[in-house]
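Novice: Predicted model and sequence below, questions to follow.
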Amino acid sequence: MNGKRLAGQVTHVRDGDTVEIAGVPVRIANLDCAEKGTSEGERATRVMLRLASAGPLACNLTGKRSHDREVGTCKMADGRDIGQLLISEGVCGRWQ
């Protein structure tokens, strides 16, 4: 899905840095969240759930994959980058 755009309502939040849209798992690019099962990871997942439930996301996919997930940057309907919001809320860091 190199250079493709995927848009729609999030149908599932796997964790703080992975959502599913129309059955397609998307790993948010440049984002580093704690693993699910840790208190930090659970907090990141809760914040992602809150943000993702606000409306549809529009994701630009890079063409790279991480395990079974497409990698991409995603924006909320108001234009805010969801990865940047998770970083600014202090629940995730920037992937180095």
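Specialist: Now that the structure is in, tell me what you want to look at.
Novice: From now on I want contacts and neighbour counts done on CA atoms only, so please keep to that.
Specialist: Will do.
Novice: Which parts of this protein are strands?
Specialist: Using DSSP state E, the strands of the chain run over 5-8, 10-15, 18-21, 24-28, 31-33, 57-66, 69-76, 92-94.
Novice: Can I get those strands in a markdown table including distance to residue 51, mean neighbour count and mean pLDDT?
Specialist: As requested, the strands of the chain are exported to a markdown table (distance: least, Cα to Cα, whole Å; neighbours: other Cα atoms under 10 Å; pLDDT from 0 to 100):
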| stretch | distance to residue 51 | mean neighbour count | mean pLDDT |
| --- | --- | --- | --- |
| strand 5-8 | 14 | 16 | 96 |
| strand 10-15 | 10 | 19 | 97 |
| strand 18-21 | 11 | 20 | 98 |
| strand 24-28 | 13 | 22 | 97 |
| strand 31-33 | 15 | 20 | 95 |
| strand 57-66 | 10 | 18 | 94 |
| strand 69-76 | 8 | 22 | 96 |
| strand 92-94 | 14 | 18 | 95 |
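Novice: Format those strands as TSV; extra columns: distance to residue 45.
Specialist: As requested, the strands of the chain are exported to TSV (distance: least, Cα to Cα, whole Å):
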stretch	distance to residue 45
strand 5-8	19
strand 10-15	5
strand 18-21	9
strand 24-28	13
strand 31-33	9
strand 57-66	16
strand 69-76	16
strand 92-94	10
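Novice: so where's the longest helix in the protein?
Specialist: Ordering each helix of the chain by length in residues (DSSP state H) puts helix 39-52 first.
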